[in-house]
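[1] pasting the sequence and the predicted model now:
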Amino acid sequence: MFNLAFLFDDALESMAGHHKPPDDHANNIPLPAAVYLMQADVINLYTFAMDHYFILPLDAHCLQNSSLGSPYEKWAHFSNENFEKLAFGINNLLRYTSRLVHGPWARTVPGDGRERSSEIMSKWNQYTELIFESNHRQYGILINPDQFLFVTPVKITPSIGSLVTRSSAPGCQFIQFRDEQGQVSEDRITNEEAALLASQIRPRKIDITNRAVLQELHEEGHGEITLLTEKHVAFGEVCNEFYQSRSFTGPYRTRDFDWI
């Protein structure tokens, strides 16, 4: 639902072939363990956000007679609070996974040096854009007071379709699609819609007047949690192997970190 699997996949890939990284001051040994713990934080916060208030019916006893307002207002308040915590955890995981992807162990993976460097830089740029965009939108779910919510996943895949601007119509933008037969079609869109499509973070607006949709989102969320848990376990096994022959603590310099 939030498209978080790539974070776990990138972390695991960055540790592959790491068995003998450079033993110099640039090797930040604690970083994989930090990423592992942040993955656990995201999984736990995700589970809590899905299970705590999110699927409560509005006639639940704990939602009645609240100083926060109506049952809907109390439900929205605590659900949003839980998803804010999840967004904080995701942002932390983004930042530290980006350091792992760009770290010295990533550069030790077998392959052509130039090609590997280009791949790492491409991922680094993707993470930088995602972190920048997270300053403007909250990952996860945001519930509005008007019976709508927004699901904001983390996306690093290209948009479906191409954005085009017509020189004959200043300020007008279109989304262009090509079907399986090669036929091209276009839809005119607003500048706001164009900016959203160009972004890697694309919120999805959902009407929750029929609250059955919350149960569907709950099941979708737990499906993703199960997938992330499996990837987290696999990353933990690689980390355990990594630390068998290394001390966890050691000297480092501030300049060794890639700050974002």
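    Structure's in. What do you need?
[2] which parts of this structure are strands?
    140-143, 148-152, 162-165, 173-178, 184-189, 204-207 (DSSP state E).
[3] output the lowest mean pLDDT helix or strand found in the protein.
    strand 162-165 (a mean of 55; mean pLDDT, DSSP states H and E).
[4] the strands of the chain: lowest mean pLDDT?
    Least confident of these, judged by mean pLDDT, is strand 162-165 with a mean of 55.
[5] measure the closest residue to Asn3 other than its chain neighbours to Tyr139 for me?
    Using Cβ to Cβ, 6 or more residues apart in numbering and skipping residues adjacent in sequence, the residue nearest Asn3 is Pro153, 4.2 Å away. For the C-beta atoms, the positions are set from N, CA and C on the backbone; glycine is no exception. For Pro153, the distance to Tyr139 equals 7 Å [Cβ to Cβ, to the nearest Å].
[6] shaky segments in the stretch 101-250 of the chain?
    Scanning the stretch 101-250 of the chain with the threshold set as pLDDT under 70 gives 103-122, 124, 156-182, 189, 191-202, 247-250.
[7] could you rerun that using 50?
    For the stretch 101-250 of the chain, residues meeting the criterion pLDDT under 50 lie at 158-160, 167-168.
[8] can you pull out the helices in it?
    Remark: helices assigned in the stretch 101-250 of the chain by DSSP state H, counting those that start in this stretch are 113-133, 191-198, 212-243.
[9] just want the angle from the longest one to strand 148-152.
    Helix 212-243 runs at 20 degrees relative to strand 148-152, counting by axes from the mean of the first three to the mean of the last three Cα atoms, to 10 degrees.
[10] which residues touch Ile225?
    Ile225 makes contact with 43, 46-47, 50, according to Cβ atoms under 8 Å, 6 or more residues apart in numbering.
[11] many thanks, we can stop here.
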